[in-house]
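> The sequence isn't on hand, but the structure is:
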């Protein structure tokens with residue numbers, strides 16, 4: 001499906017500096033993806049089911065760890081574009097929601113997704129908070145759709 005997306009790429013140096021290693025990276029990316037999808041409807045006129053996502057430790061087009069959130073409608077519906085415009089607020093609110101959740105390792109209120117095609121595996125809530133801190137800090141200076 002051809003659609004619109006917003007994405008973040010993270011360099012290995014930035015990940016290492018934040019203490020995210022190869023073992024925790026997939027769970028950090030996946031949990032961050034889910035949390036961002038869950039929070040997006042609070043910022044844009046969308047339903048969680050209108051939004052999709054993918055995260056990978058090495059995306060074939062970027063060559064880097066990448067989180068991509070996309071409009072779940074052919075041609076796009078404007079959700080990703082608005083998310084891009086409000087990326088700092090979106091990421092900050094996502095980080096606050098995940099960090100503020102009282103569960104210990106992830107739940108439907110923070111990083112689990114009811115529509116995950118991978119059975120909500122792997123997810124790493126603690127590493128997602130670290131990754132979200134990194135993205136929020138970087139978003140202030142570089143913007144969405146660019147490498148951190």
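Looks like it came in fine. What you are looking at is a predicted structure, and each value in this text was computed from that prediction instead of being measured.

> Just give me the residue right at the centre of this protein.
Residue closest to the mean C-alpha point of the chain, counted by Cα atoms, centre = their mean, is residue 33 at 3.1 Å.

> I'd assumed residue 53 was in contact with that residue.
Yes. Look at residue 33 against residue 53 with Cβ atoms under 8 Å: they come within range, at 4.5 Å. Using the backbone N, CA and C atoms, a C-beta is placed for each residue, glycine as well.

> What ranges in this structure fall below the confidence cut-off?
141-148 (pLDDT under 70).

> how about a cut-off of 80?
Within the chain, the ranges that satisfy pLDDT under 80 run 139-148.

> So which residues of it form strands?
Along the chain, counting by DSSP state E, strands occupy 5-9, 51-56, 66-71.

> Tell me the spacing between the residue nearest to the centre of the chain and residue 110.
12 Å (Cβ to Cβ, to the nearest Å).

> Counting neighbours, what do you get for residue 130?
Counted with other Cβ atoms under 10 Å, residues neighbouring residue 130 total 18.

> cool, the one 5 residues further on as well?
Neighbouring residues of residue 135 were enumerated by other Cβ under 10 Å; the total is 27.

> wouldn't it be in contact with residue 90 here?
No. Under the criterion of Cβ under 8 Å, residue 135 makes no contact with residue 90, lying 9.9 Å away.

> and the nearest residue to residue 128 once chain neighbours are set aside, what does it touch?
Distances taken as Cβ to Cβ, 6 or more residues apart in numbering place residue 31 nearest to residue 128, at 3.6 Å, with adjacent residues excluded. Contacts for residue 31 (Cβ atoms under 8 Å, 6 or more residues apart in numbering) come out as 98, 106, 110, 111, 123, 124, 125, 127, 128.
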